[in-house]
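> the following comprises the amino acid sequence and a computationally predicted model.
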Amino acid sequence: MNALLQDLQIRLDDLTDPRIEAFMQEHLKDMRATSPPESVHALDMVQLRQPEIRFWTAWRGDGELVGTGALKHLDAEHAELKSMRTAASARGQGVGRAVLEHILGQAVDLGYQRISLETGTQPFFEPAHQLYLRYGFTDCAPFGSYRPDPHSRYMSRAL
């Protein structure tokens, strides 16, 4: 295990740390740069603070925010994975995998039977596609309020 993962702390967050807002602004900026406006489904800070959202942050031992992920309650058995992001400085080092594993475990503990996600189709999202496929996600039809969109890829897996 690399040093980053040995010191990684993942915690349920209340979104009050201003570093989180800056991190998520970068996320929104990347999403807007890679997808047309109508296909950007990333949540802003107001949306992330809604009661149906649980939000986790991943911190390096030195206090650097290196990853995020969220779980949105859809119904008693179904949740949506949201706001998965790894800091550019930590990509390829297992942060996304660690956050995903943590959230999948939390989803099971919360009693969900299924977890779904929406991600982009552009080459920028290929590392995310590979991560989700490794963890058993398969392509599915749009779910919740999503509609067919050539810029969106929908994936789901049973828990």
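Yes, it's here. Numbering: from 1, shown residues only.
> could you find the closest non-adjacent residue to residue 69?
residue 99 (4.3 Å; Cβ to Cβ, 6 or more residues apart in numbering). For every residue, glycine as well, the C-beta is placed using N, CA and C.
> who's in contact with the one you found?
10, 56, 58, 67-69, 84, 86 (Cβ atoms under 8 Å, 6 or more residues apart in numbering).
> if I look at residue 140, how far off is residue 153?
Distance from residue 140 to residue 153, counting by Cβ to Cβ, to the nearest Å: 9 Å.
> and if you look at residue 143?
Taking Cβ to Cβ, one finds residue 143 at 12 Å from residue 153.
> next: residue 106.
Residue 106 is 23 Å from residue 153, by Cβ to Cβ.
> what of residue 69?
Distance from residue 69 to residue 153, counting by Cβ to Cβ: 17 Å.
> what do you get for residue 88?
Distance from residue 88 to residue 153, by Cβ to Cβ: 22 Å.
> compare those two (neighbour count), which wins?
Set side by side, residue 88 and residue 153 show more neighbours around residue 153, with 19 against 9, by other Cβ atoms under 10 Å.
> thought the more buried one was touching residue 116?
No - applying Cβ atoms under 8 Å, one finds residue 153 not in contact with residue 116, separated by 11.2 Å.
> how about the contacts made by the closest residue to residue 79 other than its chain neighbours?
Of all residues not flanking residue 79 in the chain, residue 112 sits nearest, at 4.6 Å (Cβ to Cβ, 6+ apart). By Cβ under 8 Å, 6+ apart, residue 112 lies in contact with 77-79, 159.
> no further queries at this time; thank you.
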